[in-house]
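Enquirer: The following block contains a protein sequence and its predicted model.
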Amino acid sequence: MTERPTIDSFVVRIYRIDINDPGKITGLVEVLDGSENREPFAGLDELGELLNRRAGKQKKKDRRKT
């Protein structure tokens, strides 16, 4: 049986959305891996970068195990 990589889980909390520009959001991302790691973001671009960076760290960890 082949081992499947674990999918990261996050809680994304959005605290503010600019009514005139919905892309301007402010919030916090919490990683649900037991580390209690929380990172703030300001904007959709930052949110996307943050999630991609966290997913990239998981992939690197998985590669080291093999």
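Expert: Received the coordinates, thanks.

Enquirer: For the spatially most central residue of the chain, give me the pLDDT.
Expert: With distances taken as Cα atoms, centre = their mean, the residue of the chain nearest its centroid is Leu51 (3.0 Å). Note for Leu51: predicted pLDDT of 88.

Enquirer: What separation do you get for it and Ile25?
Expert: 13 Å (Cβ to Cβ, to the nearest Å). Just so you know, the C-beta spots here come from the backbone N, C-alpha and C atoms, and that holds for glycine as well.

Enquirer: Check Arg16 too.
Expert: 7 Å.

Enquirer: These two - which one has more neighbours?
Expert: A count of neighbours by other Cβ atoms under 10 Å puts Ile25 above the other of Arg16 and Ile25, at 18 against 10.

Enquirer: element containing the residue nearest to the centre of the chain, please.
Expert: For Leu51, the host element (DSSP states H and E) is helix 44-65.

Enquirer: how long is stretch 28-46 from one end to the other?
Expert: With Cα to Cα, to the nearest Å as the measure, stretch 28-46 spans 11 Å from end to end.

Enquirer: And stretch 12-20, what's buried?
Expert: For stretch 12-20, the neighbour count (16 or more other Cβ atoms under 10 Å) marks no residue as buried.

Enquirer: cool, and stretch 45-56?
Expert: Glu46, Leu47, Leu50, Leu51, Arg54.

Enquirer: was I right about the third one contacting Arg38?
Expert: No - between Leu50 and Arg38 there is no contact under Cβ atoms under 8 Å: 10.7 Å.

Enquirer: intersection of neighbour lists for those two?
Expert: Shared contacts of Leu50 and Arg38 (Cβ atoms under 8 Å, 6 or more residues apart in numbering): Val29.

Enquirer: What score does Ser35 have for pLDDT?
Expert: 82.

Enquirer: Likewise for Met1?
Expert: For Met1, the predicted pLDDT is 49.
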